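K.L.:
Next one to model:
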Amino acid sequence: MAVVHLWGGLTQYTGGLETIEIDAPRVRELVIALTTRFPALGTQLDDLAVAIDGVIYNSAPYQRINTDSEVHFIPRVSGG
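P.N.:
Predicted coordinates:
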């Protein structure tokens, strides 16, 4: 199962959990599984970037996740 890491601001929606193991083939299914397990997450993940095994994606619903992947939901960084 992939290990999902949530930044501190999201732990209030997961009962304090910072890491969660989830089996999902793509980010889209991962988000569905997370919001099913933790309904309070709701749309909190919509505005976040996703890093899969160290590669950051601003839009990643169809990115594949391996069973041994590390997935991080992180605030998007913008510059100007």
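K.L.:
Pairing partners for the residue most central in space within the chain in the sheet, please.
P.N.:
By Cα atoms, centre = their mean, the mean C-alpha position of the chain lies nearest to Phe73, the distance being 4.2 Å. With DSSP bridges applied, Phe73 shows beta-bridge pairing to Leu6, Val50.
K.L.:
The closest residue to Ile65 other than its chain neighbours and Arg37: what is the separation?
P.N.:
Ranked by Cβ to Cβ, 6 or more residues apart in numbering and with sequence neighbours excluded, the top spatial neighbour of Ile65 is Ala2, at 5.0 Å. In short, each C-beta sits where N, CA and C put it, glycine included. Distance, Ala2 to Arg37, using Cβ to Cβ, to the nearest Å: 14 Å.
K.L.:
Out of the two, name the residue with the larger neighbour count.
P.N.:
Applying other Cβ atoms under 10 Å to Ala2 and Arg37 shows that Ala2 carries more neighbours, namely 20 against 12.
K.L.:
My guess is the more buried one contacts Ala24. True?
P.N.:
Yes - between Ala2 and Ala24 there is a contact under Cβ atoms under 8 Å: 6.7 Å.
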